[in-house]
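S.K.: attaching a predicted model along with its sequence, questions to come.
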Amino acid sequence: MNVIGKVKDSQLARAALNRLLADVDFQRLHAAIEDKSIFHVLGIEHRARSHAAFLAWLLDPRGRHGMGTSPLRRFLLRAAVSAPGLPEGNLQRLDPVAIQSIDLESVQVEKEYHIDPSGGRRLLDIVALLPDNAPCLVVEHKVNASEGAGQTEDCAKWALNHPLTLDDEQYQPLLVYVSQSPPESSAFTWMDYEELLAWLKGLHDLEKTGRAELLLDEFIHCIEPRGESQPEEISGLADALQERHADALAVLRATSDPLGEFPRIQQVYDRALRTLGVRPSIVASKGPSAFIEFMRDTLRQELSPEHWKVVGGEATLMVISLDVQKRLGRADRLRGQFFMDRPVGGRARYAFEFARPLAQEPDGLPARRRLADSFREFFDPDEIPHAEPSNGNTVLRTTLDLPPIQTPLDDTWEAADQCRDAIDKAIEVTRALELHIARWASAKLPGLLGNLKEAA
């Protein structure tokens, strides 16, 4: 498009925006949409892990919500009514009658439960276990994301091998897939957001703690717009604006970059405009990496704070060895750390390295490389799963396969949630190297640092 064309588009878009912004109903629509829940305020409204953690708390009979076993019982009964037909083999389907035989007070609810189907490794979002560790319920939860390849199929196979026994009969655990799109496996009961909201709102009649009442209302407010039907107030305002400003909206939708010249308007009114079908053009900008942030949060939960400090920027991850840092004394200038940059082309490199030279040896070789050489000689790289040895100041590296993230535009929380297997792989590598680092830092590092300082 030539300059004159761009100017004309900008003028038309401005005139259309002026009409919308001056309409009281548009301001009311904006206010209704921006009435944020605490989940939005904390920036976790799209995080499947946060949603699953809250659901697990509600389902847990031991959760300090004051509702006892009622949320779990109602969830099981709701899922059982719409569960698929008879499972494979000789297992029975867990129906409402059989559920009455479960001692729900003894059930333990686990988050991110590890299983090993078909020789691989997966995480189940929520699992409810009987005292003998037999699962009675498995919940997989997705927020604006689809399942990973074979995810529900693997879970269904695992469930067939982990039946529960009630009154001398064996039953397949209830498998529930909470998402706006159906699961791949026919063994799962599909619970969309409308069904989930019905269960959540049904908990209002139960006696509960004040905190549970508040959190329940906030969570309902967080996910309610995700249902197929918008709240009545929002849909009514949107319909009225669509009719009243059909011409202005048509101009904005037809313009290649309707908000490009008006970044402040996009920042403030983006959600209201999207509700009316006006979307900004997609700009291929790197920006923050959701996968990096997702992985950083996970590592902080999974790794020992005595051995690792997990930090980094918007698009970089650093997992610093505290065993090395304690011995260095000048750790602000030299670190032993795992480093990873944002994913590129469906892959990311997770590597242990020595960064920032403390001193130079007489021949110019950086001290970090000498430390790396010493550490390489101290342990057998074959003892570290999924890793391959490297050279220079990098000791070893692991390639993480991330098929959903091919470009920066794919780097979303939803895509990151589908890459948990890769994060588990990085955790396994880190834990495997942890003991070797601690032993090397104690046995070799003090003397080696003394030589480096003398050389300096």
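M.R.: Right, received. Where do you want to start?

S.K.: let me know the pLDDT of Pro362.
M.R.: In this model, Pro362 is scored at 37, pLDDT.

S.K.: next: Ile115.
M.R.: 84.

S.K.: and for it, the neighbour number?
M.R.: 19 (other Cβ atoms under 10 Å). Every C-beta, even on glycine, is put in place using the N, C-alpha and C of the backbone.

S.K.: now do His40
M.R.: Other residues close to His40 by other Cβ under 10 Å number 15.

S.K.: ok, it to Val268 distance?
M.R.: Using Cβ to Cβ, to the nearest Å, one obtains 15 Å as the distance from His40 to Val268.

S.K.: one more: Ala56?
M.R.: For Ala56 relative to Val268 (Cβ to Cβ), the value is 36 Å.

S.K.: so between these two, which is more surrounded?
M.R.: It is Ala56, of Ala56 and Val268, that has more neighbours when counted by other Cβ under 10 Å, with 21 against 14.

S.K.: the more buried one against Val109, yeah?
M.R.: Yes. Counting by Cβ atoms under 8 Å, Ala56 does reach Val109; the two are 5.3 Å apart.

S.K.: need the overlap of contacts for those two.
M.R.: Ile126 (Cβ atoms under 8 Å, 6 or more residues apart in numbering).

S.K.: state the distance from Leu237 to Tyr269.
M.R.: In terms of Cβ to Cβ, Leu237 sits 13 Å off from Tyr269.

S.K.: likewise Val311?
M.R.: Val311 is 35 Å from Tyr269, by Cβ to Cβ.

S.K.: more neighbours: which of the two?
M.R.: Higher neighbour count among Val311 and Tyr269: Tyr269, with 24 against 13, using other Cβ under 10 Å.

S.K.: contacts only, for the more buried one.
M.R.: Contacts of Tyr269 by Cβ under 8 Å, 6+ apart are Leu21, His30.

S.K.: and it, which helix or strand is it part of?
M.R.: According to DSSP states H and E, Tyr269 maps onto helix 263-275.

S.K.: do Leu237 as well
M.R.: Leu237 is part of helix 232-244 when elements are defined by DSSP H and E.

S.K.: again with Leu175
M.R.: Residue-wise, Leu175 maps onto strand 174-178 under DSSP H and E.

S.K.: same question for Ile44.
M.R.: Short version, using DSSP H and E: Ile44 is in no helix or strand.

S.K.: do I have it right that it meets Ser50?
M.R.: Yes. In this structure, Ile44 is within contact of Ser50 by Cβ under 8 Å, at 4.1 Å.

S.K.: helix, strand or coil for the closest residue to Pro163 other than its chain neighbours?
M.R.: On the basis of Cβ to Cβ, 6 or more residues apart in numbering, the spatially nearest residue to Pro163 that is not a chain neighbour turns out to be Gln170, at 4.3 Å. Following DSSP: H, G, I helix; E, B strand; the rest coil, Gln170 is assigned to strand.

S.K.: and the closest residue to Leu206 other than its chain neighbours, how many neighbours?
M.R.: Nearest non-adjacent residue to Leu206, counting by Cβ to Cβ, 6+ apart: Met67, 4.7 Å away. Residues near Met67, counting by other Cβ under 10 Å, number 20.

S.K.: and Ile320, helix, strand or coil?
M.R.: Strictly by three-state DSSP, Ile320 counts as strand.

S.K.: bridging residues for it?
M.R.: Per DSSP bridges, the residues bridged to Ile320 are Lys309, Gln337.

S.K.: in this structure it contacts Leu334, no?
M.R.: No. Applying Cβ under 8 Å, one finds Ile320 not in contact with Leu334, separated by 10.8 Å.

S.K.: so between the two, which is more surrounded?
M.R.: Leu334 (23 against 20).

S.K.: roughly how far apart are that one and Arg370?
M.R.: Relative to Arg370, and taking Cβ to Cβ, Leu334 is found at 11 Å.

S.K.: His40 now?
M.R.: Applying Cβ to Cβ to His40 and Arg370 gives a distance of 50 Å.

S.K.: ditto for Ser186
M.R.: 59 Å.
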